[in-house]
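A.B. asks: only geometry, no sequence info:
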């Protein structure tokens with residue numbers, strides 16, 4: 001019986017920390033963008049003619065090469081305030097930061113906001129949410145934008161960038 005209560009307490013703590021973590025970021029002003037909203041934003045032009053957002057992926061090189069949203073810029077240093085990879089692209093443009101689960105990208109969002117970027121958003125739940133929502137992905141071996149785990153993939157994603165099909 002004691003193990004049951006310890007297990008329940010552990011699950012409760014994890015749930016509170018996860019929900020609380022996201023609430024903290026919202027409280028400090030990091031706007032969250034749902035994967036579905038980003039998909040619509042990337043596929044339809046707003047009537048005011050605004051540019052598509054700058055997608056900044058702050059994951060490691062291995063994660064980025066494995067799979068990413070087509071058109072995303074790889075800039076892991078943004079987390080620590082190194083904006084060299086996105087220099088000159090931030091003026092009057094919306095920025096969406098991406099990592100695997102949404103936590104590292106929130107740190108990067110704070111760094112960009114401190115640096116003066118105006119419209120900075122975090123992809124809620126990161127690439128995990130993007131994949132679950134069936135968002136298009138690409139890898140270092142292609143740039144065709146194959147679809148996510150919705151069953152529409154045209155080729156497997158290989159973390160080493162190699163294809164065993166011949």
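C.D. replies: Ah, there it is. The structure presented is a predicted model; accordingly, all values stated were derived computationally and were not measured. Numbers count the residues shown, from 1 in each chain.

A.B. asks: make it CA atoms for all contacts and neighbour counts henceforth
C.D. replies: Will do.

A.B. asks: residue boundaries of the helices in the chain?
C.D. replies: Applying DSSP state H to the chain gives helices spanning 2-27, 35-43, 61-66, 104-114, 126-132.

A.B. asks: Comparing those, which yields the minimum mean pLDDT?
C.D. replies: The stretch with the lowest average pLDDT out of these is helix 2-27, scoring a mean of 57.

A.B. asks: Residue 116: neighbour count?
C.D. replies: The number of residues packed near residue 116 is 12, by other C-alpha atoms under 10 Å.

A.B. asks: for residue 2, that is, sorry about that
C.D. replies: Residue 2 has 7 neighbouring residues, counting by other C-alpha under 10 Å.

A.B. asks: now the one 4 residues further on
C.D. replies: Burial of residue 6 is recorded as 11 neighbouring residues (other C-alpha under 10 Å).

A.B. asks: Would you quantify the distance from residue 108 to residue 50?
C.D. replies: Separation of residue 108 from residue 50 (C-alpha to C-alpha, to the nearest Å): 23 Å.

A.B. asks: Would you mind telling me which of the two has more residues around it?
C.D. replies: A direct count of neighbours by other C-alpha under 10 Å for residue 108 and residue 50 places residue 108 higher, at 30 against 11.

A.B. asks: what's the distance between the more buried one and residue 74?
C.D. replies: Between residue 108 and residue 74 the distance is 12 Å, computed by C-alpha to C-alpha.
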